[in-house]
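1. Quick one: sequence and predicted model below, then my questions.
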Amino acid sequence: MERKKIIAIYPGSFDPITLGHLDIITRASTLFEKVIIAIAVNSEKNPMFSKDTRLKMIKEVTKNIENIEIDKFSGLLVDYAKNKNAKVIVRGIRALSDYEYEFNMALMNRSLDESITTTFLVAHQKYTHLSSSLVREVASLGGNVSNLVPPFVIEELKRKINE
């Protein structure tokens, strides 16, 4: 399949990036000319990892994917997308509950800017239970997360938990 000459944005907190995120990124990179992985900076949230550490982890685990860019943003996603000349927002869907939330977000984004389309990619079934918050919880309790995150992220989790 030929990539469309379209820039897409895959936004998220990526705290930390998981194998589920990586699956969506890999598949999106085959569909679009460029995929911008946009780390959402939300002052209301208290992330485990700093935005710079999240950026470093994403860079490391995506270094073999050629057509991606990694960036940070705050504010409205549609404004950021417009700034980056992106026409598509990519969102991963794990379950029906994700769809309902993401559907409402897509409608809101469309009401803010009709030129930006949201595309849903359904998660691989082996990642439907996976979330960054579950990874953080399991790792902090000493559980094995090697089937949930890339090896580099495991090292960052260990380092952070031992601080």
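-> Noted; the coordinates are in hand.
2. Extract the residue ranges of the chain that are flagged as low pLDDT.
-> 1-3, 43 (pLDDT under 70).
3. center of it, which residue is that?
-> With the centre of the chain defined as its mean C-alpha position, the nearest residue by C-alpha atoms, centre = their mean is G12, 4.2 Å away.
4. quick one: that residue and I39 touch, right?
-> Yes: using C-beta atoms under 8 Å, G12 makes contact with I39 at a distance of 7.2 Å. The way it works is simple: take the backbone N, C-alpha and C, and place the C-beta from them, glycine included.
5. tally of neighbours for P151?
-> P151 has 10 neighbouring residues, counting by other C-beta atoms under 10 Å.
6. looking at this, L55 is in a helix?
-> Yes: counting by DSSP: H, G, I helix; E, B strand; the rest coil, L55 is located in a helix.
7. Roughly how far does it sit from I161?
-> Applying C-beta to C-beta, to the nearest Å, the value for L55 to I161 is 20 Å.
8. out of the two, which sits in the more crowded spot?
-> It is L55, of L55 and I161, that has more neighbours when counted by other C-beta under 10 Å, with 17 against 13.
9. residues of stretch 149-159 that come out buried?
-> Residues 149-150, 152-154, 156-157 are the ones in stretch 149-159 that count as buried (16 or more other C-beta atoms under 10 Å).
10. wait, stretch 110-122
-> Residues of stretch 110-122 classed as buried: 116-118, 120-121 (neighbour count, 16+ other C-beta under 10 Å).
11. try stretch 86-96
-> Neighbour counts over stretch 86-96 (16+ other C-beta under 10 Å) mark 86-94 as buried.
12. Compile these into a markdown table and extend it with columns for distance to S140 and secondary structure.
-> A markdown table is the format used below for the buried residues of stretch 86-96 (distance: C-beta to C-beta, whole Å; DSSP: H, G, I helix; E, B strand; the rest coil):
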| residue | distance to S140 | secondary structure |
| --- | --- | --- |
| A86 | 35 | coil |
| K87 | 39 | coil |
| V88 | 35 | strand |
| I89 | 31 | strand |
| V90 | 29 | strand |
| R91 | 27 | strand |
| G92 | 24 | strand |
| I93 | 27 | strand |
| R94 | 22 | coil |
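13. need the strands for the protein, in chain order.
-> Taking DSSP state E as the criterion, the chain contains strands spanning 4-12, 32-40, 68-73, 88-93, 117-122.
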